[in-house]
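[1] Give me a 3D structure for the following:
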Amino acid sequence: MIDLLKIAKTEADGGNLFEELSNLYRDSDIKPNGYPEAVVWEGGIMMEILIL
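    Next up, the predicted model:
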């Protein structure tokens with residue numbers, strides 16, 4: 001389950017929100033045209049649990 005309080009605390013404390021979200025989702029190979037540095041996440045921990 002996504003720990004929204006942990007995410008909110010990380011953001012409020014000026015922590016690394018990108019790292020926190022990266023622990024939940026995989027980086028996708030799909031990027032929007034014209035934005036090669038964009039972050040697009042796919043799936044997630046829940047998807048992996050359902051697949052296993």
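
[2] end to end, how far does stretch 3-22 reach?
    13 Å (C-alpha to C-alpha, to the nearest Å).

[3] Please spell out which residues along that stretch are buried.
    Thr10 (16 or more other C-beta atoms under 10 Å). Placement of C-beta: from N, CA and C, glycine included.

[4] Which residues outside it are in contact with it?
    Val39, Trp41 (C-beta atoms under 8 Å, 6 or more residues apart in numbering).

[5] what pLDDT, on average, does that stretch get?
    Computed over stretch 3-22, the mean pLDDT rounds to 91.

[6] With stretch 33-48 instead?
    Stretch 33-48 comes out at a mean pLDDT of 77.

[7] Work out for me the element the residue nearest the centre of the chain sits within.
    Centre of the chain computed as the mean C-alpha position; nearest residue by C-alpha atoms, centre = their mean is Leu21, 3.2 Å away. Assessed by DSSP states H and E, Leu21 sits inside helix 17-22.

[8] Kindly report the same for Thr10.
    helix 4-12.

[9] now that helix, how far from the centre of its chain.
    13 Å (C-alpha atoms, centre = their mean, to the nearest Å).

[10] go on, stretch 24-32?
    Distance, centroid of stretch 24-32 to centroid of chain: 9 Å (C-alpha atoms, centre = their mean).
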